[in-house]
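> pasting the sequence and the predicted model now:
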Amino acid sequence: MIQRIRMTTTLDPGLLRDLTEAKAALARHGIVIIRTIETELEPAIMAEAKDSVASSPRKLVKLKEDELDRFMEDLRKASMKSAKELASLYTRLLAKLGMEYLGELVKELEGIDQLFKWSRIEKAVEPVNEILVENGFRKVQLGNPEDLSDAFKVELEEKWNSAFVRFRLIAEQAVEEMKRQDASERSAPESEKRKRPSRKR
């Protein structure tokens, strides 16, 4: 079936080369994003959480020292878990780039693109907000990618987007080429039969 088109060398060598290079570039930028999330997201969330706690000194003084320690540890664990889960999600999404069937991969690209957005990353604060609200503190939010780093903003909003658009265009072009090849191969036998002279006398 067409949707099960394999990524094979039946493609034009130039197109296959472009597809391979575009996929590798997209994977590189994805890895940078994942590594930044693994190292920078949790500290950024905790910085916002500490500001929330510090902005309510009256509530803060009501907590005993051991209660405050447990509270902060809960916040830290929640932020670490959220960052880890997001990094794992992105790792699974990048793994889809290695799918054997290009047609199936192209169908996945829209979803992958939507998840590699700041709007998804900033949701990582939600588990921490649940803990803050339960203890009477205000919710926090990550304003923009610069809350992690300036380099991350460039990587996410410029480099990743550019690499994604290029890969998607080439992948779609490759799928169309494979569809044409598949259609040609399916119709060739029937054409040959019609052209072949009858053996009946």
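Received the coordinates, thanks.

> contacts and neighbour counts: CA atoms only from here.
Will do.

> let me see the mean pLDDT of the helix ranked longest in the chain.
Criterion DSSP state H: the longest helix present in the chain is helix 160-195. Per-residue pLDDT values over helix 160-195 give a mean of 80.

> just how off-centre is it within its chain?
Its chain's C-alpha centre and that of helix 160-195 lie 26 Å apart, by CA atoms, centre = their mean, to the nearest Å.

> list the buried residues for that helix?
For helix 160-195, the neighbour count (16 or more other CA atoms under 10 Å) marks 160-161, 163-164, 166-168, 170-172, 174-175, 177-179 as buried.

> do the same with stretch 130-147
Ile131, Leu132, Phe137, Arg138, Lys139, Val140, Gln141, Leu142, Pro145, Asp147.

> the fifth one and Ile131 touch, don't they?
No: under the criterion of CA atoms under 8 Å, Lys139 is not in contact with Ile131, lying 9.1 Å apart.

> let me know the secondary structure of Glu38.
Here Glu38 is recorded as helix under DSSP: H, G, I helix; E, B strand; the rest coil.

> ranges for the helices of this protein?
Going by DSSP H, the chain shows helices at 13-36, 42-54, 57-61, 65-95, 102-115, 118-121, 126-134, 150-154, 160-195.

> where does this protein dip in pLDDT?
1-9, 100, 188-201 (pLDDT under 70).

> ok, now how distant is Leu86 from Glu104?
Leu86 is 23 Å from Glu104, where distance means CA to CA, to the nearest Å.

> ok, now Val133?
42 Å.

> other SSEs contacting the longest helix of the chain?
Judged by 3 or more CA pairs under 8 Å, 6 or more residues apart in numbering; DSSP states H and E, the packing partners of helix 160-195 are helix 13-36, helix 102-115.

> what's the angle from that helix to helix 102-115?
When axes from the mean of the first three to the mean of the last three CA atoms, to 10 degrees is applied, the directions of helix 160-195 and helix 102-115 differ by 160 degrees.

> quick one, helix 160-195 and helix 13-36 angle?
Using the same axes, to 10 degrees: helix 160-195 against helix 13-36 is 150 degrees.

> these two touch, right, Ile170 and Leu19?
Yes: when contacts are counted by CA under 8 Å, Ile170 is listed as touching Leu19 (5.9 Å).

> ok, Gly14 - how many residues close by?
By the criterion of other CA atoms under 10 Å, Gly14 has 9 neighbours.

> quick revisit: and of the helices and strands packed on helix 160-195, who's closest to Leu156?
Within the helices and strands packed on helix 160-195, the stretch nearest Leu156 is helix 13-36; the backing value is 6.8 Å (CA to CA).

> so which bits of the closest one are buried?
Within helix 13-36, the residues that qualify as buried are 15-16, 18-19, 22-23, 25-27, 29-31, 33-34, 36, counting by 16+ other CA under 10 Å.
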